[in-house]
Every structure is written in C-alpha cells, then in structure tokens.
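Engineer: build the 3D model from these lines:
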Amino acid sequence: MTATLLTNARLIDPERGLEFPGSLLVEDGRIAAVMEDPAGADAASARVVDCGGLHLAPGIVDLGVKVCEPGERHKESYRSAGLAAAAGGVTTMVTRPDTDPPIDNPETLEFVTRRAKEASPVNVVPMAALTKARAGREMTEIGFLMDAGAVAFTDCDRVIADTRVFSRAMTYAGSLGALIVAHPQEPGLSRGAAATSGKFASLRGLPAVSPMAERMGLDRDIALIEMTGARYHADQITTARALPALERAKRNGLDITAGVGVHHLTLNALDVADYRTFFKLKPPLRDEDDRLAVVEAVASGLIDIVCSMHTPQDEESKRLPFEEAASGAVGLETLLPAALRLVHADAVPLAVLWRALSLNPARRLGLPGGRLSAGAPADLVLFDMNAPFVLDRATLRSKSLNTPFDGMRMQGRVRATYVAGSQIYEAP
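Structural biologist: Next up, the predicted model:
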C-alpha cells in the first residue's frame, strides 16, 4: 500500500491536549509518524495530500448510535448510517441494541455484525441488550455475547426498575469485566414525560418530569456500582442536580464514566416553544442553567463523552401531537458542527472537546482509535471549523431526517474522512 503524507494540517492531539501545525504519515492503514515540523517530512515515496491548513484529528467515536436493522430498515440501514457517519467525520459507530427484535442473543448480534461489515464504510462495534427483550426481568447471556463481539451492555432508554435484577446483572457483568451502559432516570417519575417540569412546560400544557428524576436514578445506580464493583457508563447526564453525585462517585474511586448528547449541550427547553416534535428527546431538553452546567462539566472533564445519540424516526412517528410523537433526533452528520458551537463560544477548548468525542469513548470501550500517535489506526477527519452553512435536512444522508437543527446557521464542515488510511468521504 502506498504511503500517504497529509501535510500542511493543524493537528489535534487529544491525548496530550494539544493543537499544532504539522504533518501525518500514514502507512498500511496506521499512523506511521506525527511530525510537528512539516518541512522535515520525508515525502520521497509517499502520496502527498495538502490539507490547506485545515484541522486534522482522530475520527469521532460515536457511542450510542441507533441503526434500525433488524426490524425498521426504512428508518435507517447500516448503509445509510455509514454514509451519514462518513460525512460527519464519525469513523466508528458504537451501535445500540434497541432494534426490533432487540440484539439480545449471539445469533442476532452476528447478523448485525455481518450486515455492518457488508454495508458500512465506517467501523461498527455493537452493544448488546443487558436483559432479554430489554424487558428488565432476565439478564442476557453476557459471556456469549462478549465472545460474539459485544463491547458493552445496555437496555438503552428502558430503565431496569427491578433493583434486584439490575444488581445481579451488574454483579455478573463485573465478574466478566463487561461495561454496563445505563440510562439514569427514576422510571416512575419520568414515565410519559415530554418536557422538563417548570413554568414553561405548564404554560404549554406538556406532561413533564423533574430534573430530580435523573439525580435519583443516578444515585441508585451509584449505590449499585459500589455494591457490585461493576464498570458503568451513564449514557446521558443532562442536569446540574446530577453532577455533584457523579463527582463524588469519581472521587471515591468507582469505575464510572458519563456522557451527554450534543443536543442537550446546544439546545434548551425553550426550543420546544412551537411544539416542534423534532425537539422532542429523551431525556427532554433542559433549562438553560442545566445546559450551561453540563457544558462546564464537559470542559472540566467531569462528563467524559460527547455523542450524537443518533435516533432515526420517520415522518409518521414525528408528525403527531407533541405528547404522542416519538422521541429522538438524528445526529451523525450534525454532531461535529453542533459540538463546535461550544468551541466558537469559548466554552470548551478544541482539544478538550476532541477528547470527549474521540479519545475517551475509544478508551472506555477498549478500542484502538481516538489517538493521533504512531501505531494508532489512521481513522481521521479533516474539517474546516470556520466554514458557515445553513442546514437543510433534505441534504442529510440518513434515511430519516428528524433533526432539530433544520434551517439553523451552523459553522464547521467535514472536508474528508479516512478509515484505515483510505479516504471514504470527500466534501463535494
């Protein structure tokens, strides 16, 4: 394979927290050398690519992508999700098991793994269900699913209400070193909620949930981590009330990390003012004070991972009254420009943001990506962080077009994406 020299780039190294001008030499699908002095690069036998001074970074590792195979392929397939990911700078999709049927046995897992390998241009690593049918009653065959390739176990947005079942599953998963990804909510309080409680939700007549439901769910899960010693990741922490509990758990040495979806970092509860169902998410969008607190938690490293929480829904699922509409939004192509809003607002440094987008999810899942160093996979994204555009959802590559950013001014566009050194996307 011919070596490629990506030169005249502004490199982002999330491991060292640095951003600097330099060049990258790629050989045999891996990074062979990182050169901070572009003039010193030996390009005698390499194909040279001039990056034009744009940013070059490890590809995004997106934890929590829903691909609707099997069961709802009309909403999203591995082919369409892979194309959307490539256009969004996502080089690894960590997929959720909330399909129809759920990915709760080795046979279904092997099917989706094979489909992903056939159809997706980006890396796909699957999570599997923690309980059978995601019903919260009986744990899945965690060991067999790990052998079949599952990198983590989750019932997604279905909270296991039976604490005894959850504790047994955590104990068993802990004995195997398996990672549990949970959705911290108190299920009784949050059932049927479409908004965050407060004056705004009351004026709009929307069923709402208190932010304390997230705090209560996290408190329970933290107690179970302490009891079982399990490895645990909270899929979304979206409220200021939950942050002190997370900080204490980390300070006490528990094996816990937390993530947040990009929509909760960049939108707030007031955005649902016109009952636009593309803004209906789970958990619901929060007040501005919560959003600012969570942004600060990302900047400080208290929240480890930023993801898209890509959840395709077709028009029939969204064109309903707000209470009845399905929750979720697509995000593979909008993750990068939406996250860059935090950089442009001077809220989160670019290298810190990239640690949350790429390095931390790769580390948490034991994946080799997320690094800009010799020997790491050459999964890369080249992007112009200052390129302005107005998002038109009709141009998205996902089969479903349910994005809350439709018609919004955004800044930051992917110019090229590489997986194992091969270019899989180039901006038109």
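
Engineer: buried ones in the helix or strand encompassing Ile225, by neighbour count?
Structural biologist: Secondary-structure assignment from DSSP states H and E places Ile225 in helix 212-228. Residues 213-222, 224-225, 228 are the ones in helix 212-228 that count as buried (16 or more other Cβ atoms under 10 Å). From N, CA and C alone the C-beta is placed, and that goes for glycine too.

Engineer: closest one of those to Pro321?
Structural biologist: Comparing those against Pro321 with Cβ to Cβ picks out Ala213 as the nearest, at 22.8 Å.

Engineer: distance-wise, check that closest one relative to Arg96.
Structural biologist: Applying Cβ to Cβ, to the nearest Å, one obtains 21 Å for the distance of Ala213 from Arg96.

Engineer: what residue lies at the spatial centre of this structure?
Structural biologist: Cys307 (2.4 Å; Cα atoms, centre = their mean).

Engineer: just to revisit the earlier point, from the buried residues of helix 212-228, which is closest to Asn402?
Structural biologist: Glu214 (23.3 Å).

Engineer: next up, the contacts around that closest one.
Structural biologist: Under the criterion of Cβ atoms under 8 Å, 6 or more residues apart in numbering, the contact partners of Glu214 comprise Pro184, Gln185, Glu186, Ile237, Thr238, Thr239, Arg241, Ala242, Pro283.

Engineer: using a markdown table, lay out these together with pLDDT.
Structural biologist: Compiled in a markdown table, the contacts of Glu214 are given as follows (pLDDT from 0 to 100):
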| residue | pLDDT |
| --- | --- |
| Pro184 | 98 |
| Gln185 | 97 |
| Glu186 | 97 |
| Ile237 | 98 |
| Thr238 | 98 |
| Thr239 | 98 |
| Arg241 | 97 |
| Ala242 | 98 |
| Pro283 | 96 |
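
Engineer: would you turn these into a markdown table with distance to Glu36?
Structural biologist: Supplementary listing: these in a markdown table, determined by distance: Cβ to Cβ, whole Å:
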| residue | distance to Glu36 |
| --- | --- |
| Pro184 | 42 |
| Gln185 | 46 |
| Glu186 | 50 |
| Ile237 | 36 |
| Thr238 | 38 |
| Thr239 | 41 |
| Arg241 | 43 |
| Ala242 | 40 |
| Pro283 | 42 |
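
Engineer: in TSV: the residues you listed, plus neighbour count.
Structural biologist: Converted to TSV, the contacts of Glu214 look like this (neighbours: other Cβ atoms under 10 Å):
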residue	neighbour count
Pro184	27
Gln185	24
Glu186	20
Ile237	28
Thr238	26
Thr239	25
Arg241	18
Ala242	28
Pro283	25
